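In: Structure, please.
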Amino acid sequence: MKKLLRSALLTICLCVALLLPAYAAGTELELAAPDALPAVGETFNVTIAISGNPGLGAVQMTLAFDKAVVECIEISMGTVLSDSVVGGSNPSGGSGAKVAAVAFDHFSGDGILATYTFKVRSAGNPAFALKDIVLIGTDRSDINHTVNIPGHVAPEQPMVQPSVPAQPAPGTATKPETTDKPEEEEITAPLPQTFTDVPGSHWASVYIEKAASMGLIRGYSDGSFRPGNQVTRAQFVTMLWRMAGSPESSGKTPFTDIVGINAEFRSAIAWAYEQGYINGRTATTFAPSDPLSRQAAMKVLFLYAGGKSGQEVLFTEIYNDRFTDSAGLPDWARTSLYWAVYNELISGTTPTTLGATNAATRGQLAKILVNYAEKIGTQ
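Out: Next comes the predicted model:
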């Protein structure tokens, strides 16, 4: 029986030259699926398992298939990836169903990496193929040293009997998982209402109260906050300057259009310019009253955080496929926005859009800055 089961499994062997000589052989990925397609409209599972696991810090892979025959409707992380600091999946990626995960410590042991649920669309051969595999060892986190294994195309043969699919571990998260929409915000504890136009039921009320209590954003003289108002370039730089502790600067900038504005704004702009967080609209103008886009805000915040990409780059393809408005993003905006998504500072204006060029609002930036302070810290 054991021999029969082993012969029934389609095994993709990966001679993985990872980061230590001991990793060079013995690591295998095993793709298991039913031996025949169910009827049109029915669902079935495909699993990817690992054996000879040398201990991994990150995993990324794409399961390609014939989309005219089957449709991937769900991906669940398996037991091996249950200890993810972050896990991401996209069942409907352009080149297949994508999975990426980064370990909190490391992924150890053998077992299920991911379970894919498919729905049959028509009769035929799904032609499953596992490709674009990236495995990162725990002793080297620099992604420039990852190993890319060429894709392996499944032979033209009946699909094989699967093992029992692994269930996702409780609390396993996928990215992106939330949006900025009010109805999807989880308010865990009410805070005293400070502003006349921000009731406790408002999606950003908790963030607005926290941002105000931290001294990042102030209300208006009539007692309102105006959470839907657009934020100007000068206002956002000033919020960031306050987060940094209102540091001193030389006060010198080349901008001739900030001479007559609020002194606090001028101090903040001079500080941000000296630190390299901002540029002008031209060599001599800053345009302090112009509205700030969401992508411009994340670029400034990314630079404030050090301007260095991290493990979020593993999720680039997933985010590209997830957000339908990502195609037109310039590289500078994509880098900073995906950094912000990965670090859970933003999610999206809808589950599938970033709204990158939309003007940022006071409510949105209250949430973003509070998230930054709590997840990354103030300077």
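In: And the contacts of stretch 305-323?
Out: Under the criterion Cβ atoms under 8 Å, 6 or more residues apart in numbering, residues 58, 60, 62, 86, 88-90, 92-94, 98, 100, 102, 134, 141, 143, 175-176, 326-327, 334-335, 338-339, 341-343, 348, 352-354, 372, 376 lie in contact with stretch 305-323. Any C-beta I mention is one placed from the backbone N, CA and C, and that applies to glycine too.
In: Among these, which ones are in helices?
Out: Per DSSP state H, helices hold the following members of these: 334-335, 338-339, 341-342, 372.
In: got the residues you listed as a markdown table, with distance to residue 297 and pLDDT columns?
Out: Written out in a markdown table, the entries for those read as follows (distance: Cβ to Cβ, whole Å; pLDDT from 0 to 100):
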| residue | distance to residue 297 | pLDDT |
| --- | --- | --- |
| 334 | 15 | 95 |
| 335 | 14 | 94 |
| 338 | 14 | 93 |
| 339 | 12 | 93 |
| 341 | 13 | 90 |
| 342 | 16 | 86 |
| 372 | 11 | 95 |
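In: Thought residue 286 was touching residue 232, still the case?
Out: No: using Cβ atoms under 8 Å, residue 232 is not in contact with residue 286; the gap is 10.5 Å.
In: neighbour count winner among the two?
Out: Under the criterion of other Cβ atoms under 10 Å, the comparison of residue 232 against residue 286 puts residue 286 first, with 26 against 18.
In: Next, count neighbours for the residue lying closest to that one once chain neighbours are set aside.
Out: Spatial nearest neighbour of residue 286, excluding adjacent residues (Cβ to Cβ, 6 or more residues apart in numbering): residue 255 at 4.1 Å. The criterion is other Cβ under 10 Å. On that basis, residue 255 has 22 neighbouring residues.
In: Do you know the pLDDT at residue 255?
Out: pLDDT for residue 255: 96.
In: what about it, distance to residue 243?
Out: To residue 243, residue 255 is 22 Å away according to Cβ to Cβ, to the nearest Å.
In: just residue 59 next, same as before
Out: Distance from residue 59 to residue 243, counting by Cβ to Cβ: 35 Å.
In: for the residue nearest to residue 286, what are its contacts?
Out: Contacts for residue 255 (Cβ under 8 Å, 6+ apart) come out as 269, 273, 280, 284-286.
In: Poorly predicted segments of the stretch 251-379 of the chain, please.
Out: For the stretch 251-379 of the chain, the stretches with pLDDT under 70 are 379.
In: hmm, 90 instead?
Out: Counting by pLDDT under 90, the stretch 251-379 of the chain shows low-confidence ranges at 251, 260, 309-322, 342-344, 347-352, 375-379.
In: What of the stretch 101-250 of the chain?
Out: Along the stretch 101-250 of the chain, the model assigns pLDDT under 90 to residues 101-109, 124-125, 127, 129-194, 200-201, 221, 250.
In: Show me the helices in it, by range?
Out: 205-213, 233-243 (DSSP state H, counting those that start in this stretch).
In: what residue lies at the spatial centre of the chain?
Out: The central residue of the chain, meaning the one whose C-alpha is nearest the mean C-alpha position (Cα atoms, centre = their mean), is residue 342 at 3.3 Å.
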